[in-house]
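Student: Got a predicted structure here, sequence first:
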Amino acid sequence: MTALIVASAGPLTSVQDAGRFGAQRYGLTTSGAMDRFALACANILAGNSATTASIEIGPFPATFLAWDGDVRIAVAGAGRDLRIGDRPLPMMQSAIVPAGERLRIGPARDGVFSILGIEGGVGGTPIYGSLSVTARLGIGSPFPRPLQIGDELSVQAASARDERRLDLSPPVAAPIRVVAGPQDDEFTAEALRLLFESDWRVSSASDRMGYRLEGPRLVHTKGHNIVSDGTVNGSIQVPGNGQPIVLLADRGTTGGYPKIATVIGSDLGSSRRGGPEKS
Amino acid sequence: MTATFPRILPCGDAALMFEFGDTVDEAVNAKVLALDAAIARAAIPGLIEAVPTYRSLLVHYDPLAIDFATLGARLWPLAENLQAATGRRRCWRIPVVYGGEFGVDLEAVAKRHGLSPDEVVRIHTSGRYYVAMLGFMPGFAYLAGLDARIATPRRDEPRTMTPTGTISIGGVQAGVQCLAAPSGWNLLGRTPVRTYHPLRDPVFVIEPGDAVAFYAIDESRWHDLDLAAAEGEPVAELVPA
C-alpha cells in the first residue's frame, strides 16, 4: 500500500485540516491548519478539496520518503527550498515523488508554517469530522501527536494527470486587519490607538495556541479579569502585563482576559500578509 | 459607562457574542442556555456552532453564508421570546471517591468551615447542581448550585497539576474536571467518569444545562469503575430530572 514515510521532521510537524467544529461548547478546541490559505492552495494543487487533511510543517526542515507507489504533492505557505531526489521544486507547484525517492523540505525562509498537500489526503479516523492533531490533548489521526521519524502515512498512489501551478502576486507587507471588540470598552482610548499605530514583534514564546506580541503596554480601564467568555481564532486578549496575545488554532475555547479586538479570518496565517507583526 | 444587556458584540468577521450580562449569575446563565436551545431549534443557515458561557453565547458563523447584521436580526426575536429550559433538565449521578489521596483538600475545607469531612461530603452529595458551561479544557464542567456552607476560595498557590476526574470547589463554583491540569481549586475527590473520551461515542456525555448530583463510593470500587470508564462505559447514571 502506498505510503509517505517521515524520514526526518522538526517538533512542529503534524497532520492538520480545517479543524474540528461542533465541540467548542464542551471545551474542545478546533485546532486545524495555522495558515488556512496555504492549506487551500496546497490541497487544490495536489488535486483535493480545499480543506483535506494535509501535513503542516513548522519552521524546521523535514524529509518524506514515498513508499510502494508514486505520491503527488504540493507545498504552500512559508517559503522553503524543496527537492525531490536531487531535483529542485518550486513552492506552489504540484509534482510526483516517485516511489523510493525523498522529498526534502528546507527550513522556512519567511513565516513559520507551510502545508504539504498530498493527492487524496492523509488517511485516518476523524473526531468531530477532523483529523487535526491537538498535541496538548493527545488527539488527532492517524497519530494522536505530532509526526515523528518513522511514521508511515497511508496515502493514495498518484493519478495520471497534468501538474498544477499557482502564480500569486508576492505577499504584501500590509497591516493585519482587525475588528474592534468584543471588549474594546475595557481599554483606554490610548490603548486602542497604540494597538493600531504601533509596530508589534512576535515573541519567541509563540506557538499554535497563540502569538504573543511585544510592544507598548495596553492599559485596561477596569482591571484585567472578566467573567470568562468564548474565544475565536484571532481573538486578541490582553492579560495584566498589557502585552496582547493573538489566540490561534489550539486556543482554549473560553478565556477570562478582555479581548480588545479580533483578527479577521483572511488575515490569519502568515503566508499572505507577512505574519501578525503589525497591527 | 454602564453597558445595557442584552447586547450583541462583534468577534471578528466570523462570530458574534450575544451577551446577557457581565457577572456570574444563574438568571443570566439561564437566558444564555435558553437562547442556545432556541438557536439549535431554529437551524439558521450559515451558523457553525454556539458556545454558551456563564453570561454570553458565542455564535460562530460562516461569513460567506450569513453576515453579522442578518444573523443579529435572526437572533433578537429568539432572545425576546426565551423559554426557561429548567423543566426538561436531565440529571447525571456521578460517583466520587472523597478525601484521602483522592481529595487532598477535603480536610482543609472541612476545618475552614468548622465541619467534619463527612459533613462536607454529605453537603456536597446532597446538592443539586446544573452545568452552567463547559470550558477551559475538554469536559471541564462549571457547576452552579454549590451550598454556601462549603463555598471555599481558590488556593493562594495553584497546583501545577491535578489528577484526572478531579471533583473540586473554586469559590461558589463546583467543578467536574476530566483531564489532568493545573488548578487553584480545592480538591474534594475524584470520579472515574470521563466527561470527555475521544475514542468513545459519544465523545462528551454532559451537556450545558444538564443537572448533576454526586454520590460517594468506597475507594475499593475505584479500580473497576475506572477500568469500565476507560473502556468507554459512561459510569455516570442518567436519571430523569
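Tutor: Arrived safely, thanks for sending.
Student: which strands and helices sit next to the longest helix along chain A?
Tutor: Longest helix of chain A, by residue count under DSSP state H: helix A:36-46. Applying 3 or more Cβ pairs under 8 Å, 6 or more residues apart in numbering or on different chains; DSSP states H and E, we find helix A:36-46 packed against strand A:54-57, strand A:71-77, strand A:114-118. The way it works is simple: take the backbone N, C-alpha and C, and place the C-beta from them, glycine included.
Student: Beyond the second one, next helix or strand please.
Tutor: Using DSSP states H and E, the next helix or strand after strand A:71-77 towards the C-terminus is strand A:82-84.
Student: what pLDDT does B:Glu157 get?
Tutor: On the pLDDT scale, B:Glu157 is placed at 86.
Student: how about it, secondary structure?
Tutor: With DSSP: H, G, I helix; E, B strand; the rest coil as the basis, the three-state label of B:Glu157 is coil.
Student: And for A:Arg104?
Tutor: strand.
Student: Please identify the residues of the stretch 1-150 of chain A in proximity to chain B?
Tutor: With the criterion set to Cβ under 8 Å from any Cβ of the partner chain, the stretch 1-150 of chain A comes near chain B through A:21-29, A:127-128, A:137, A:139, A:144.
Student: so where's the chain uncertain?
Tutor: You didn't say which chain, so I picked chain A. Scanning chain A with the threshold set as pLDDT under 70 gives A:270-279.
Student: I was after chain B.
Tutor: Checking chain B against pLDDT under 70 turns up B:1-2, B:84-88.
Student: Show me which residues of the longest helix along it are buried.
Tutor: Counting residues, the longest helix in chain B under DSSP H turns out to be helix B:26-42. Within helix B:26-42, the residues that count as buried by 16 or more other Cβ atoms under 10 Å in any protein chain shown are B:Val28, B:Asn29, B:Ala30, B:Lys31, B:Val32, B:Leu33, B:Ala34, B:Leu35, B:Asp36, B:Ala37, B:Ala38, B:Ile39.
Student: Number of residues surrounding B:Phe68?
Tutor: 18 (other Cβ atoms under 10 Å in any protein chain shown).
Student: contacting residues around it?
Tutor: B:Pro10, B:Asp13, B:Leu16 (Cβ atoms under 8 Å, 6 or more residues apart in numbering or on different chains).
Student: Now flag whichever of those is closest to A:Ser132.
Tutor: B:Asp13 (21.6 Å; Cβ to Cβ).
Student: Give me the nearest residue to the closest one, chain neighbours excluded.
Tutor: What sits nearest to B:Asp13 in space, not counting adjacent residues and going by Cβ to Cβ, 6 or more residues apart in numbering or on different chains, is A:Ile264, at 4.4 Å.
Student: since we're on the one you found, how many residues are nearby?
Tutor: Neighbours around A:Ile264, by other Cβ under 10 Å: 16.
Student: repeat for A:Gly223
Tutor: Around A:Gly223 there are 9 residues (other Cβ under 10 Å).
Student: My reading is that it is in a helix; is that accurate?
Tutor: No. According to three-state DSSP, A:Gly223 belongs to no helix; its state is coil.
Student: ok, residues contacting the longest helix of chain A?
Tutor: A:16-18, A:32-33, A:49-52, A:54, A:56, A:72-78, A:92-94, A:113-119, A:121, A:164-166, A:265-266, A:268-269, A:271-272.
Student: Make a PyMOL selection of the buried ones in these.
Tutor: Remark: buried members of those, expressed as a PyMOL selection using 16+ other Cβ under 10 Å:
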select buried, chain A and resi 16+17+18+32+33+51+52+54+56+72+73+74+75+76+77+78+92+93+94+113+114+115+116+117+118+119+121+265+268+269+271+272
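Student: The residue of the stretch 101-250 of chain A found nearest chain B and B:Leu134, how far apart?
Tutor: Going by Cβ to the nearest Cβ, chain B is nearest to A:Gly230 of the stretch 101-250 of chain A, at 3.0 Å. Distance, A:Gly230 to B:Leu134, using Cβ to Cβ, to the nearest Å: 11 Å.
Student: Looking at these two, which has the bigger crowd around it?
Tutor: B:Leu134 (30 against 27).
Student: measure the more buried one to A:Asp250 for me?
Tutor: 17 Å.
Student: thinking the residue nearest to B:Asp13 is in contact with A:Asn233, fair?
Tutor: No. Using Cβ atoms under 8 Å, A:Ile264 and A:Asn233 do not qualify as a contacting pair, with a distance of 10.2 Å.
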